[in-house]
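Asker: Give me coordinates for this.
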Amino acid sequence: FNKCGDSGDSAFLWVTVQSRPVPSINGNDTACRLNSAVYHTQPGMTNYAWAISPGGTITAGGTSSSDSTLVNWNILGNQWIEVNYTDSNGCSAVSPVQKNVWVKQEGPVITTSPLSKIICSDDSTRIILTSAPPANTFNWTATGSGPQITGYSNGTSNLINQKLNNSGLVAGTVTYTITASGNGCPGIPADYVVTVNPVFPVSNLISASQNPSCLGILVTFTATPVNGGNLPLYQWKVNGINVGGNSSMYTYSSVNGDVVICELTSNESCTTGNPASSNQVIMVINSNLPVIVVISASANPVCAGIPVTYTATPTNGGPLPTYQWKVNGVNAGTSNPIYTYTPASGDLVTCILTSSLPCTSNNPSSSNPLSIIINPPPVVTFTACFDTITTVNAKPFKLKGGIPLGGTYSGPGVNPASGIWNPASAGVGNKTITYSYTNAALCSANASRVFKVVAAPAFACGSLLTDVRDIETYQTVQIGAQCWFAESLKYGTEIPDNLVQRDNCIPEKYSRHASPVTRYDFYQWDELMQYDNTPALQGLCPPDWHIPTEAEWMQLFSVYNGPGFAGSQLLSTGFSGFNALVNGSRFQNVSWNFDNFAIHLWSSTSRGPVKAWAHAMNNMPDDHSVSTYPSSRANAFSVRCVKD
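Answerer: I've put the predicted structure just below:
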C-alpha cells in the first residue's frame, strides 16, 4: 500500500512512500496599497486553501478550486499570503507555503477639479490632469454616451485635448477614466465627465402689426427668436439708432421709410450666429386722407306728407363705407348712402360716414345738417257747378267748381286735358269725380264728389217730361223735326231780382209770382249758359236737352213761314202748342218790363263778349212777327229748351 511516511517509521510490509508536495506562490513580492495583485500556485491540484494577512482582502479567486487569487491590499507594510493544496496522490504539504508581500504607498491621487465640464459641439475638451503627489504617467480611457458623440480617444498624457462633435439635438457625454501612476504604483481611477451640447443657430424674425400704416398710428413690432434661450436680450434699432427697452415688442409712431431691425443676444450656452440681427422692416406710411360727407335732398322745399330722398356723397369713403343717418339727433336709416322718409316741419337730418380706408382724418365724419322747408298743401274744394244727377245720354259738358282754379279733373268719363265729362262714357251708376290742384310750390291736394248717372227715361215728344234733377215736370211739343218745351224753364234757386246772378255754382234765377200757383222764371244769359259761350250747350236745361242755337230757332220759325209770321203761332193764343206767355222780362236787374205785352227768349248763340241773340214776341193784334236782336247778357229772359 502507499503510505505517506515520516523518518523513523517502520513497517512490517513493503511500503511505497510518496513525498509530500511543496507548494509555491508566484507573484510580486511588493504591492501597491488600494491596488489589486494577482497570485498563482501550481495548477491542477485540489483543495486549494488560500489565506492572507488582515491587511488584505481577497476580491476574486482564492477558492478550493482556484489556483490563483486577486488580492486588494489595504494596509501598508509587511503582509503575507499563503496557500496549501492536495496533490494527485492525495498528499498535502506538511504546512502551507507563505509568501511575504511588502505593501507600498498607492500611486498618486487625481487632484484635477472639477471632474466635469460642459462644452459645445466642435469645441476642445483641453483638460490638464494633476495629481498628488505628482505622477510619473497618466493613462485615460474615453467612453461616449451615444453614437452622436464623435472625436474622442484613449491616451497617456497629462493633457486631454480633443475636439468633440455632437450631431444630435440633445446633450451627450464623454467619460474619461483617468489613472495617475508614480513610484511604480497606479493611483485610484477617477472619472472626468465632459458634457457635449449640440450647437443651435440663433435667428430672429420681426414683424409689424401693420405695414403699410398710417401717419400718426402706433405700430407694434414683434420679435420671434429662435434658440434665444430663457433670458434673451433684445436691442431694437430704427435707422441704425438704438431705441426701446429689452423687450420682444417695440411700439412707436413710424415715419415713411423708417428701417427697423432687432438684434437678439441668446443666453443659450451653445449657439451660432449669436448675436443675431433680424430681418429689416421698411415702413410705408401713407398720408391721412380727409373724410368728408355732404348730403342733399331730392326736393327742398317739399310738400307736407311727401317722402324726401336724402343722398350722401362721400369723399374718401373707401370701398365699404358705413352710413348712420340721424333725424333730430336720433339714429334712423343705416348702411346706405340713400335714406328716404317723410319729414316734418323743422326736422334736422344729418349723416355720419365711417370710411373703410386705412389712413384717414376726420373719421367718422358728420355731414352738413339739412333742414327741409315744408310747404303746406293747397286747400282744395270741389263744388258741383253742374248737374250732380244726369242721364247717360246727356250731352258732354265741361266740369267746373274746383277751387283754386287751374287744376285738373279725373274720373270715369272725364277727359283730363279738356275737363269735359261725358256721362255716356262714364256709364250708369255713382261716379266719383276728383279735382286735383298743384300750387306754385308743387304741392298737391284734391277733392272729390260723387255724381249719379241714370239711364235715360223713356220719353215720347208731346208727353210730360220729368226733370231727373229736381223732379220738375214740363209739357213738350213736337214742331216739325224738333221737340220743344211747351213752357219756360223753371230749374234753379230763386234769388232777389235786384242781385246779379253769379258764377257761384248755384243755378240761380229770378221769379215773378203772378199768383200763388203761377210763377215765371228768368235767367241772365251767362247764368243760363253756365258761363260757357259754346252754342247748343245743355246749360241749365235738363239732361238730353239744351239751349237752342240761332239756327235751331230759325228752323222752328221756318215751320211757320219764317220769323215774320211765326209769332202769332208760337204765342199761347196760337195753335202751335209752343204756348209762349207774354210775361215780360227783367232789364239789367233794374226793372221789370213788357209785362202782359211781350216775351223774350234766349238763344245759346252769343253776339260778342257782352251780348247774345234773343227773340221777342208780343200780343199786338197786328204784329205776327218774332223779332231777333242782340241783347245785353245782363237782361233776364225766359228760356225754352230743345231736345238733343
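
Asker: Please count neighbours and contacts with C-alpha atoms only from this point.
Answerer: OK.

Asker: my read: Ile75 touches Gly55, true?
Answerer: Yes: with contact defined as CA atoms under 8 Å, Ile75 reaches Gly55; the gap is 4.7 Å.

Asker: for stretch 277-293, the distance to its chain's centre please.
Answerer: 25 Å (CA atoms, centre = their mean, to the nearest Å).

Asker: First residue to last residue on that stretch, what's the distance there?
Answerer: 47 Å (CA to CA, to the nearest Å).

Asker: And for stretch 459-471?
Answerer: 15 Å.

Asker: and what of stretch 285-296?
Answerer: 35 Å.

Asker: Tell me which residues of it come out buried.
Answerer: Buried residues in stretch 285-296, counted by 16 or more other CA atoms under 10 Å: Ile285, Asn286, Asn288, Leu289, Val291, Ile292, Val293, Val294, Ile295, Ser296.

Asker: cool, and stretch 180-196?
Answerer: Buried residues in stretch 180-196 (16+ other CA under 10 Å): 180-182, 185-196.

Asker: Likewise for stretch 623-640?
Answerer: For stretch 623-640, a neighbour-count test (16+ other CA under 10 Å) marks 624-626, 628, 630-640 as buried.

Asker: Next step: those residues restricted to strands.
Answerer: Judged by DSSP state E, these include Thr628, Pro630, Ser631, Ser632, Ala636, Phe637 as members of strands.

Asker: Is Gly429 bridged to anything, and to what?
Answerer: Gly429 has these beta-bridge partners by DSSP bridges: Val453.

Asker: Which residues are in contact with it?
Answerer: For Gly429, the contact set (CA atoms under 8 Å, 6 or more residues apart in numbering) comprises Lys452, Val453, Val454.

Asker: So which elements touch the helix or strand harbouring Thr173?
Answerer: Secondary structure from DSSP states H and E places Thr173 in strand 172-182. If contacts are counted by 3 or more CA pairs under 8 Å, 6 or more residues apart in numbering; DSSP states H and E, strand 172-182 sits against strand 109-110, strand 137-144, strand 149-150, strand 190-197.

Asker: now those strands in CSV, with distance to Glu263?
Answerer: As requested, those are exported to CSV (distance: least, CA to CA, whole Å):
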stretch, distance to Glu263
strand 109-110, 45
strand 137-144, 37
strand 149-150, 32
strand 190-197, 24
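
Asker: now these in TSV, with distance to Gly346 and mean pLDDT?
Answerer: TSV is the format used below for those (distance: least, CA to CA, whole Å; pLDDT from 0 to 100):
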stretch	distance to Gly346	mean pLDDT
strand 109-110	105	90
strand 137-144	95	93
strand 149-150	91	92
strand 190-197	83	94
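
Asker: of all those strands, which lies closest to Asn230?
Answerer: Each of the helices and strands packed on strand 172-182 has some distance to Asn230 by CA to CA; the shortest is strand 190-197, at 16.4 Å.

Asker: List the strands paired with the next helix or strand after that closest one, with their directions.
Answerer: Moving toward the C-terminus from strand 190-197, the next helix or strand (DSSP H and E) is strand 200-201. In the sheet, strand 200-201 lines up against strand 271-272 (parallel) (DSSP bridges).

Asker: need the next SSE after the strand it pairs with, C-terminal direction.
Answerer: Next helix or strand after strand 271-272 toward the C-terminus (DSSP H and E): strand 276-277.

Asker: Contacts for stretch 359-370, please.
Answerer: With CA under 8 Å, 6+ apart as the test, stretch 359-370 has contacts from 213-215, 286-296, 316, 348-355.

Asker: at 6 Å what do you get?
Answerer: The contact list for stretch 359-370 (CA atoms under 6 Å, 6 or more residues apart in numbering) reads 214, 288-294, 348-354.

Asker: Next, the distance between the ends of it.
Answerer: End to end - CA to CA - stretch 359-370 spans 28 Å.

Asker: do the same with stretch 130-139
Answerer: Distance across stretch 130-139, first residue to last, is 12 Å (CA to CA).

Asker: Next: stretch 542-558.
Answerer: 25 Å.

Asker: And for it, what's in contact with it?
Answerer: With contact meaning CA under 6 Å, 6+ apart, stretch 542-558 is reached by 390-391, 394, 467, 535-538, 563, 566, 603-605, 641-644.

Asker: can you name the two of the buried residues of stretch 623-640 that are farthest apart?
Answerer: Spanning the widest gap among the buried residues of stretch 623-640 are His624 and Ala634, at 27.0 Å by CA to CA.

Asker: circling back to that earlier point, of all the helices and strands packed on strand 172-182, which one is nearest Thr224?
Answerer: strand 190-197 (23.3 Å).

Asker: now the ones in strands among the buried residues of stretch 623-640 as a markdown table including pLDDT and distance to Cys270?
Answerer: Listed next are those as a markdown table, based on pLDDT from 0 to 100; distance: CA to CA, whole Å:
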| residue | pLDDT | distance to Cys270 |
| --- | --- | --- |
| Thr628 | 95 | 139 |
| Pro630 | 97 | 133 |
| Ser631 | 96 | 133 |
| Ser632 | 96 | 131 |
| Ala636 | 97 | 132 |
| Phe637 | 97 | 133 |
